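Asks: sharing a model prediction with you, sequence too.
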Amino acid sequence: MGTGPKYPNQQLRSVAVEVYFPGKLKALARFGEIQDAFADRLPLLFVPNMQPGDALALRPFQLRDVRQTRSLALALNQVSFIAFEYPGFQEFQKEVAAIVPNALRALDVQTANRVVYRYENEIGLSREDDGSLPLGRIFPGVLPVASGFSSPMSLDTRFERAFVFGSHQGTCGYHARIERTDGVEVLRVGIHAAVEECELTAFDVAMKASHHVAHDLFEKLISEEFRRFLSATESDPCS
C-alpha cells in the first residue's frame with residue numbers, strides 16, 4: 001500500500017491531531033525548550049490573535065515550517081499538530097509521532113483529557129440549473145430531513161454522538177455550514193472524533209482510534225459520486 005493520501009483529489013483545508021490536558025502554568029516556561037527542539041523543521045513563530053471573549057492564556061502560540069504547511073500549536077492546556085497539506089494518514093502519523101509526544105513530555109503531561117483527530121473540508125459550490133445547491137450529490141449525510149437550500153446561508157448544522165472503539169470511548173461528530181467567500185459559496189464540513197482520558201503511553205493507539213472513527217464518519221456522510229471525484233487523478237479523470 002502506498003503512503004500517499006487515500007483520496008488524491010481531497011478537498012481539505014486542514015487535518016489536525018489535538019491533545020488537551022489539565023492546564024499547566026509551568027508550560028509557559030517550557031515553550032522555549034520545545035521551540036528550540038523543533039527549530040529546524042518549525043522555525044516560524046506566530047503569536048495568538050485575540051478575539052472578543054477569548055481567554056488569553058488558552059490561545060495557542062504556533063510554530064510553523066517555512067512554507068506554512070505544518071503548525072505545532074502550544075497552549076497551557078493543549079498541544080496540537082496541524083497539516084495544511086495532508087500527505088495521507090500514514091505519513092501524517094509519522095510526523096505527529098515525531099513531534100507531539102516529545103512536546104507533551106517536555107510539558108510533563110502524563111494524562112490527556114482527550115485526543116482529537118479533526119478534518120476540515122472546504123468545497124466550492126456551483127448552483128444547479130434550478131438554483132439549488134448540490135449538497136445531496138456531495139455530502140448528503142449532513143442534510144436535515146427537511147431540505148430546501150435556495151439561500152446560500154441556509155445550512156448550519158451540528159451533530160455529535162458517543163462511540164466505543166476497542167478499549168477507547170469518546171465522542172464524534174461534525175459541523176456543516178455554507179459560507180460566502182469572495183463571492184463564492186463554500187461548503188465547510190468539520191469532522192472530528194475525540195478519545196477521552198488517555199495516558200501518554202497510549203497516545204499512538206488513541207490517535208489511531210480517533211482517526212478511524214473520524215474517517216469512518218466522513219465515509220458515511222459523502223455520496224458515491226463525490227467519492228469517485230475524490231479518487232480521480234489526472235490519469236484517471238472523473239467525468
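Replies: That came through fine. Numbers count the residues shown, from 1 in each chain.

Asks: quick one, helices of the protein?
Replies: For the chain, the helices defined by DSSP state H cover 27-37, 89-106, 203-221, 224-231.

Asks: and these as TSV, adding mean pLDDT, distance to residue 69 and mean neighbour count?
Replies: Where C-beta positions appear, they are placed from N, C-alpha and C, glycine not excepted. Shown next, in TSV, are the helices of the chain (pLDDT from 0 to 100; distance: least, C-beta to C-beta, whole Å; neighbours: other C-beta atoms under 10 Å):
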stretch	mean pLDDT	distance to residue 69	mean neighbour count
helix 27-37	94	18	15
helix 89-106	96	11	17
helix 203-221	96	19	19
helix 224-231	94	20	15
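
Asks: excluding chain neighbours, what is closest to residue 138?
Replies: In this structure, residue 138 finds its nearest non-sequential neighbour in residue 226, 4.8 Å apart by C-beta to C-beta, 6 or more residues apart in numbering.

Asks: pretty sure the one you found sits against residue 141.
Replies: No: applying C-beta atoms under 8 Å, one finds residue 226 not in contact with residue 141, separated by 10.5 Å.

Asks: any idea which residue sits dead centre in this protein?
Replies: Nearest to the geometric centre of the chain sits residue 118, at 2.6 Å (C-alpha atoms, centre = their mean).

Asks: you'd agree that one is up against residue 19?
Replies: No: in this structure residue 118 lies outside contact range of residue 19 using C-beta under 8 Å: 11.7 Å.
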